[in-house]
Every structure is written in structure tokens, then in C-alpha cells.
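Student: Turn this into a structure:
(chains A and B)
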There are 2 protein chains.
Amino acid sequence: MKPVDYRSSGVDIQEGDKAIALMKAKVRKTFTKDVLSDLGHFGGLFRADFGHIPEPVLVASTDGVGTKLKIASMTGNYGTVGSDLVNHCVNDILVQGASPLFFMDYIACGRLDARIAADIVSGLAAACSENDCVLLGGETAEMPGFYGDGDYDVAGTIVGLVGKDMIIDGSGIRPGMIVLGLPSNGLHTNGYSLARKAIFENAGLSQSDSHPLLGDRTVGEALLAVHRSYLKALQPLLVEKLVQGMAHITGGGIPGNLPRILPSGCGALIRPLWEVPAIFELIRESGQVDISEMRRAFNMGAGMLLIVDESDSDIAMELLRAKGEEPFIAGEILSGDGITFED
Amino acid sequence: MKPVDYRSSGVDIQEGDKAIALMKAKVRKTFTKDVLSDLGHFGGLFRADFGHIPEPVLVASTDGVGTKLKIASMTGNYGTVGSDLVNHCVNDILVQGASPLFFMDYIACGRLDARIAADIVSGLAAACSENDCVLLGGETAEMPGFYGDGDYDVAGTIVGLVGKDMIIDGSGIRPGMIVLGLPSNGLHTNGYSLARKAIFENAGLSQSDSHPLLGDRTVGEALLAVHRSYLKALQPLLVEKLVQGMAHITGGGIPGNLPRILPSGCGALIRPLWEVPAIFELIRESGQVDISEMRRAFNMGAGMLLIVDESDSDIAMELLRAKGEEPFIAGEILSGDGITFED
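Tutor: I've put the predicted structure just below:
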């Protein structure tokens, strides 16, 4: 009987050390003077110096990339899923008025390839830097027999900060207010199981195929378009207290996310007249997916909705355009409840 | 062609809603007056009211349960892996002197069973309550084609707090100091790939088998023994500033973890005379695993090591015994570097 050792059981400690060596410089580039630890400690240390904010509140959110990771695996491009995850989490705390402090990542796979893990961390670190967020620590786990060879799961937790009087919770939303939308550039991080079934199974396309709807991008490229962060575009509106509520349009689409911030007695009428990215038309056509199912699974081109008073609508649009955004009027708040689409 | 919908693509939104309904009461029981949000918001809100601590520092750590989850899957018992994860993370920030504030979980699976997800959250919530930690939020992701049916991955992030002058980083460790150990009750959360290969493949045992080494526990029960939290036992020593350094013995064993806190010029001599839980003897025997490989993969019965000045050793042992612990002298700090085992 051959003696068992850790490597023969599928866990390669040396490859893990190599991955850490490749990640270190990228992670350290996100560090600020508030980081009191180096990598390799049991935990990451972050100075809780919030004296400039009256009644500081931490806002935390955890999320994963979902089966968008299958597209990364298909295409061999793991360089952007980290950015997808960070931007997703940034938006999730932004809707409550918070700005990022730090991010913690979790990467799990069946057999660790140090280069792929380092690619994932590159994306995490790049998006952290763009969002003024420290990549404070993380865990890379090799779990033989748990993940297919070449499959990686990537999840993470963001912790941000907001003053108690700046928390946005939708409680000020009233009938007559305007629903503004900010464009997504594709699926962001939601609906990939449905999209893969429609495009790859039903339509029989492959990731490297082109398609008239997609112009010069391949199917894989269109599906990997990076989840947008709305932080920099929305910060000026938060400072001016122009926003009554925000909904990050993720899994569940507008019907699943907008009601999360509407106070009792308020519903919304959505007029879907904005431009829908071509990838959604490809999915709908490939899978003969019903439009109401599309709207429950995807953002359909509206990555973020914000509710503003009618009298603030013009200045809000102007501030957004000054940041390079192309905001659109997505609908209005009505008395009642539920979300209605005006077709 | 049959139209594609979200459910046929493998994502069941109703089962997700059912899981959330089952989790809610358990999660809410961990809430304190510092929690400013309810479940279902985009992020969890936690009051950052640290005025009682001079120079407060946040300490964050992310980890997973690793392939201990395969044992949960084999036995159908998902009730304790959540506690494994929380206790692991509590220990990881404890070694820097921090106490828990809140925990965020990530649960991913191929096909969501609301009852299993609720079982996992039960374990998370129970351990959070025991460690005075809020279960502030989390994400449950259904990722068809990513995980085997019945397989769940569970990871999480803990955020804790320590005053800057109470941070323990090992910098005060000097030759001649004593290494104390606290007992583990089994593998805790590390080395399961090696253990499974040895026990299930080499020895051909099944999880429901008994074995003379294990007394009245089955193999599955011995492997599922819950990762211990050392928080309550160690808090009195931290208050009295008796501890110069702590190492949570996880993946890599003593040789992989103790050096993480030793200052340059310090090594350690370990005298492995403490009681080793029977499960390790079963693994060694089943896989003919070399003793040095065992020590690199497992805690071997020492779940936590702490370094104390020789003159503080007796009072430290006494304080630990007063908390019901059975501390042992594991070795001593020597000048030099590296870890040597005295056999």
C-alpha cells in the first residue's frame, strides 16, 4: 500500500504558496495608511478611525459571481470576474449610501492553478483600486472532488461606511417621484444559468462564435462584459442628498429588486423605453424566453434605478451626465403596490 | 422548441424564498441593538460605536469549511458545519486579540434544498450566539452545473474589533518563553482531503462504520466533531495581558502556523506529549501516513498555541482551567528559527 500524503490527496501546498506570491504585489497596491497588517497574518487589520463622521455605521454585503464563472472557464479568461464581484458588492452597499472601506475574497477550486488564481485576484485588485477600496485579505481553498477541473468559485464580502443621517433606505419615497435608470452593459452578474441554457444549449452557439446582433464581439466577450460600478457616478448626488432610494438591479430583475426599497403604499410604473443591450435580445431569441421571464431574470439594460423627487430630476440627470453617464427616465412611483410594466 | 425559463435552467427562485423564510428567525436571534437593518436589505448595517476603545481597529478574516463538507454530504448532517466555520473565523481574529462584531456567510450549491440551507444557517447562528457575534447577512447561491447534487460550499467573513494597544502580533516573543497548547477535539476544519483518502479510499471504511479506536462514535461522527472556539477560554488572559502570541493551528499544522507569529531570531521546540485524538491515529494507520506529513496537515490535538512568559505560565494555566480548559505545555521558544519536534 502506497503511503498517502497531502499532495496525492489532491492538495498542493506548493502551488498555493506560488499563488500567494503572484498575488502579493497586486493586493498590496490597494493598501492605504489605514491598513495595519501585511499579508500572511491570520486576519487583516483596518484602522476604524471614523471620527470625521457623526454616528458612523458599517455596511456589509456578501456576494458571488454565480455561473458567470462558467463563461470565464469556457473562454479561459479569468481576468475580469474579480472586477465583476467587487463592482457588484460596491453597488450593493452604495444603494444604502455607503462608500467602500475594504473587501475580503474567497476563491475555491478543485485543482489550484496559481496563474488563474492570480488572474482572479488581478481583477479584484483593479476594481478595488477604482472604487477606493482596500483588498484586505482572503482565502484560496483547494477542494479536490468538489469542483470540476478548471472550475473556480469566487465570492467576497465588502465592508463600507456611512453616517447614520446619510443612510438611504427608501423611506422618503412618495407617489409622483421619478425613477431614473443608469445603463448596464450586459448581464452584469445575474441570470447566467438561463443565458447559458438559451445560448449554448437551445441555439447551439459556442463562446467563440460571432452573431449579427453582437457586432464585432464574440458571444463569450459579450457575456463577460464587466459588471459596472455606479459609485463614482452617484457620489455627487449623495452629497447633495438628491436620492430618495436606490435599487441595484441584480437577480430577480426590476420586479425582484425595486420593491425592496419601496415603502408601504408605493408601487412603480416602469416604461421600458431605454436601450436594451443586444445580448438580451440574443438570449430571448435563442431560448424563446417570455418577456416577463426575461424581466425577472435580467437587468434588461437598467443596472441601477434611483428614485428622485420630480423637482430634483433635472439636476440629478445633469450631475450624472457630468460624470459621463447616460441616465434615462425609467418610470414613476405610483400609490398602490407592485411593479407594473407599461408595454 | 420548448421556451426556456429560469426554473428549467436549474435555478428555483421559490426554493430560495423558502430557504430565506426558514433562516430568518435563526438569524434574527443573533441581532443586537447595534444592528440597524433587517434581513432582505442589500447590505447589513452595524453601528460603528467604538468610543469605549482608544484607537479601534477592525480585524477581518475569510475562510471556508473545506472538504469537511463532503462528510456533511455523506452523513446528511449539515447542522454543524456552520459552527465549524464561525468558530474557525473567531479563532483566526482572536489570535490578534480581537473579539467578534459580525459574520457574513456565503452558501453555494448546485440545487438548493431549503431545509439543508436552513440547517447550515442554524449552525452558523448557534455559533454566532455563543461567540457574541451578529450574523449580519449572507448570500445563498444556486449554481447549476457547478456543484454536484447534494454538495454545498460554505464560506464566510468575520469582522471583529481590537484596541490598537491590545493587538497581539508576537513581537514580544523571546527565547525561553513557554508554548502552551489547548486541546482540539479532532481535525477541526483542516486536512479533510488527506483524511478522506486515507480512511475511505485506503482503508475502505464508510462513514457509518465504527472502529475500535473511536469508541462508540462512528467514523462520520468523529470526522464531524465541531471546530472549537477558544474565545471564552482566552478572554481572561487577554484582559490580563498574559499572552505574547497565539497561533490558531489550521491547515499546515504547527509547522505551518506557529512561524507566522515568531519574530526573527526565534524558533520553537515542540514536545508532542499531549493527548492526540484517536481520529488522527486512525488516519495515520489507514493511510500509512508519515508522522511529519501528519504534522503538516493536521493540528494533531493542539488546536491553539499561546506563548507566555515563563513567569506567567502558572497563572495562565490556572485561568484556563477555571474556564474548563485542559491546557498543556507544548514546548518552548528557542533562539534560532524554525520548528523542531522532540520525539
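Student: most centrally placed residue in chain A?
Tutor: For chain A, the residue nearest the mean C-alpha position is residue A:88 (1.6 Å; Cα atoms, centre = their mean).
Student: Report the residue ranges of every domain in chain A.
Tutor: A:13-166, A:178-341 (automatic domain parsing).
Student: Give me whichever of those is most buried.
Tutor: domain A:13-166 (a mean of 22; mean count of other Cβ atoms under 10 Å in any protein chain shown). C-beta: built from backbone N, CA, C; applies to glycine.
Student: what about the helix or strand hosting the residue nearest to the centre of chain A and chain B, touching?
Tutor: Element membership for residue A:88, per DSSP states H and E: helix A:81-94. Yes. Helix A:81-94 lies within reach of chain B by Cβ under 8 Å from any Cβ of the partner chain, at A:92-93.
Student: Quick check: mean pLDDT of that helix?
Tutor: Averaged over helix A:81-94, pLDDT sits at 98.
Student: repeat for stretch A:302-309
Tutor: pLDDT averaged over stretch A:302-309 gives 98.
Student: Grab the nearest non-local neighbour of the residue of the stretch 201-343 of chain A found nearest chain B.
Tutor: Nearest residue of the stretch 201-343 of chain A to chain B: residue A:287, at 3.4 Å (Cβ to the nearest Cβ). Counting by Cβ to Cβ, 6 or more residues apart in numbering or on different chains, residue A:287 lies nearest to residue A:198, which is 2.8 Å off, once chain neighbours are set aside.
Student: The helix or strand bottoming out on mean pLDDT in chain A to helix A:81-94, inter-axis angle?
Tutor: Counting by mean pLDDT, DSSP states H and E, the weakest-scoring helix or strand in chain A turns out to be helix A:13-28, with a mean of 85. Angle, helix A:13-28 to helix A:81-94, by axes from the mean of the first three to the mean of the last three Cα atoms, to 10 degrees: 50 degrees.
Student: any idea of the mean pLDDT in the helix or strand following helix A:13-28?
Tutor: Going down the chain from helix A:13-28, the next helix or strand is strand A:44-47, by DSSP H and E. Averaged across strand A:44-47, pLDDT comes to 96.
Student: The stretch 101-250 of chain A: helices as residue ranges?
Tutor: A:114-130, A:192-196, A:219-224, A:231-239 (DSSP state H, counting those that start in this stretch).
Student: Would you reformat these as CSV and include mean pLDDT and distance to residue A:43?
Tutor: Below are the helices of the stretch 101-250 of chain A laid out as CSV (pLDDT from 0 to 100; distance: least, Cβ to Cβ, whole Å):
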stretch, mean pLDDT, distance to residue A:43
helix A:114-130, 95, 18
helix A:192-196, 94, 32
helix A:219-224, 98, 33
helix A:231-239, 97, 26
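Student: which other helices and strands contact the helix holding residue A:88?
Tutor: With contacts defined as 3 or more Cβ pairs under 8 Å, 6 or more residues apart in numbering or on different chains; DSSP states H and E, helix A:81-94 has these neighbours: strand A:56-64, helix A:68-75, strand A:99-109, helix A:114-130, strand A:152-163, helix A:231-239, strand A:245-248.
Student: I'd like the distance from stretch A:34-49 to the chain centre, please.
Tutor: Stretch A:34-49 sits 25 Å away from the centroid of its parent chain (Cα atoms, centre = their mean, to the nearest Å).
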